[in-house]
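Engineer: Need a 3D model of the following:
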Amino acid sequence: MFVSLLVVGDTLHADDPAKDTARQERVPSAERLEQLLKRFPDADTNKDGVLNAQEVREYRAKVSERKSKQKQGDRATPTHADVSYGDHSRNVLDFYQVESDQPTPLIVYIHGGGFVGGDKRSINPKMVREANEAGISVASLHYRFVDGKEVLFPIPQHDCARALQFLRSKADAWNIDPKRVAVYGGSAGAGISMWLGFHDDLADPSSDDLVARQSTRFVAIGTMGGQGTYDPIKIKKLVGGRAWEHPSIYLVYGNHTAEETLNPTPEKQSLYDEASAITHLTKDDPPLYMIYSEPDVVPPKDSRPGQFIHHPNFGKQLQQAMDQLDIKNVYAHTSTRGKRNLQSEMLDFFREAFASVKD
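Structural biologist: Purely as a prediction, here's the structure:
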């Protein structure tokens, strides 16, 4: 139901042929095969420029085997696991600390899952390893899932803000440099990462709570399949098709019908605006490295509700808005990456941002 917003191991499920192309063993249409060829050129094993159902099945098996080996491989063990940063059972995080004589930069990972699923342990172990080898500590966190009733937007965003503040409050104990923090995530985690990055500082300097006094600002953002807006009206115009009808888009606002969703009250429209990262974008916001994998096409009329919710148009919208404000940003699409390692590029992007901070 929520598969197109799920992210596991920093990889979009919607971009995983094991999840998306051969679901229920159905044969992909010619149009779908053409789209998949653009996204997964390596699947064309005979290099004839045409992807067939057998090649999809073989590539699916290959991806599944690789993911299985990754899960069984050298996954890092947190230095501090399931540390509570708030009162709810899902207000917990893992911390992967680097041994260092000096305070270390910090990268924070926010998992995806359509705001109804996902796990902090989905963090890519390679990112943890490479970051740690570069002298950077890493954190991965949980947040509350929306339920359409009591837990709505922007509760997940505020949970993650609290986690970031908690981490800063542990700067001395965990040897963190609070000036050098980056945040990244996929899908829902990407949306939250951008919301935190673009939003005004949520620190409350007058609070009696040490955690609440900490800043929520940071120096760089990374996203995979991120949505700059969660306004269904704007998604319908930006992406087309039925992306705006994703079940999670209804759930996060407590909406029940298309009529209600597309004709919000003034109060609901204010919530649409508050929950959308791009609404908060200003010229003093941090740089953004964004990765997209969905095909850059006009969604077909027979699209499923929620399909193309990771459309590249989200990235193009963000790029245009950030370019106008002269904010550094990088847009990368997996179909044109060639031999580039986009995850390593994102890590280098963070390291450059850390290096630019003045002590």
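Engineer: what about the strands in the stretch 151-300 of the chain?
Structural biologist: 176-186, 220-224, 288-292 (DSSP state E, counting those that start in this stretch).
Engineer: Quick check: which of those strands is buried the most?
Structural biologist: Across the strands of the stretch 151-300 of the chain, the average number of neighbours (mean count of other C-beta atoms under 10 Å) peaks for strand 220-224, which reaches a mean of 29. (C-beta placed from N, C-alpha, C; glycine too.)
Engineer: Now do residue 296 against residue 192, distance only.
Structural biologist: 24 Å (C-beta to C-beta, to the nearest Å).
Engineer: Of the two, give the one with the bigger neighbour count.
Structural biologist: Neighbours per residue, other C-beta atoms under 10 Å: of residue 296 and residue 192, the larger number sits with residue 192, 28 against 16.
Engineer: what's near enough to touch that one?
Structural biologist: By C-beta atoms under 8 Å, 6 or more residues apart in numbering, the contact set of residue 192 is 110, 143, 156, 157, 160, 185.
Engineer: ok, now with 10 Å
Structural biologist: Counting by C-beta atoms under 10 Å, 6 or more residues apart in numbering, residue 192 touches 110-112, 115, 141, 143, 154, 156-161, 183, 185, 223, 226, 277.
Engineer: and the chain, what are its domains?
Structural biologist: 3-71, 77-355 (automatic domain parsing).
Engineer: For those domains, which has the smallest mean pLDDT value?
Structural biologist: When those are compared by mean pLDDT, domain 3-71 comes last with a mean of 65.
Engineer: coming back round to it: tell me the most buried of the domains of the chain?
Structural biologist: domain 77-355 (a mean of 20).
Engineer: Report how many residues lie close to residue 356.
Structural biologist: Neighbours around residue 356, by other C-beta under 10 Å: 12.
Engineer: With adjacent residues omitted, what lies nearest to it?
Structural biologist: Spatially, and ignoring its direct neighbours in sequence, residue 356 is nearest to residue 219 (7.5 Å; C-beta to C-beta, 6 or more residues apart in numbering).
Engineer: Return the alpha-carbon coordinates of stretch 50-66 using CSV.
Structural biologist: Listed next in CSV are the C-alpha coordinates belonging to stretch 50-66 (Å, rounded to 0.1, in the frame of the first residue of the first chain):
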residue,chain,number,x,y,z
VAL,A,50,15.8,-3.5,-25.4
LEU,A,51,14.8,-4.9,-22.0
ASN,A,52,12.8,-8.0,-21.9
ALA,A,53,10.9,-9.8,-19.1
GLN,A,54,13.6,-12.5,-18.6
GLU,A,55,16.3,-9.8,-18.1
VAL,A,56,14.1,-8.1,-15.5
ARG,A,57,13.7,-11.4,-13.6
GLU,A,58,17.4,-12.1,-13.7
TYR,A,59,18.2,-8.6,-12.6
ARG,A,60,15.7,-8.8,-9.9
ALA,A,61,17.3,-12.0,-8.6
LYS,A,62,20.7,-10.3,-8.8
VAL,A,63,19.6,-7.3,-6.8
SER,A,64,17.9,-9.5,-4.2
GLU,A,65,21.0,-11.6,-3.7
ARG,A,66,23.2,-8.5,-3.3
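Engineer: what about it, distance to the chain center?
Structural biologist: 25 Å (C-alpha atoms, centre = their mean, to the nearest Å).
Engineer: do stretch 183-195 as well
Structural biologist: 4 Å.
Engineer: got it, and stretch 146-161?
Structural biologist: On C-alpha atoms, centre = their mean, the centre of stretch 146-161 falls 16 Å from the chain's centre.
Engineer: That one: end-to-end distance?
Structural biologist: 16 Å (C-alpha to C-alpha, to the nearest Å).
Engineer: Same question for stretch 34-50.
Structural biologist: 7 Å.
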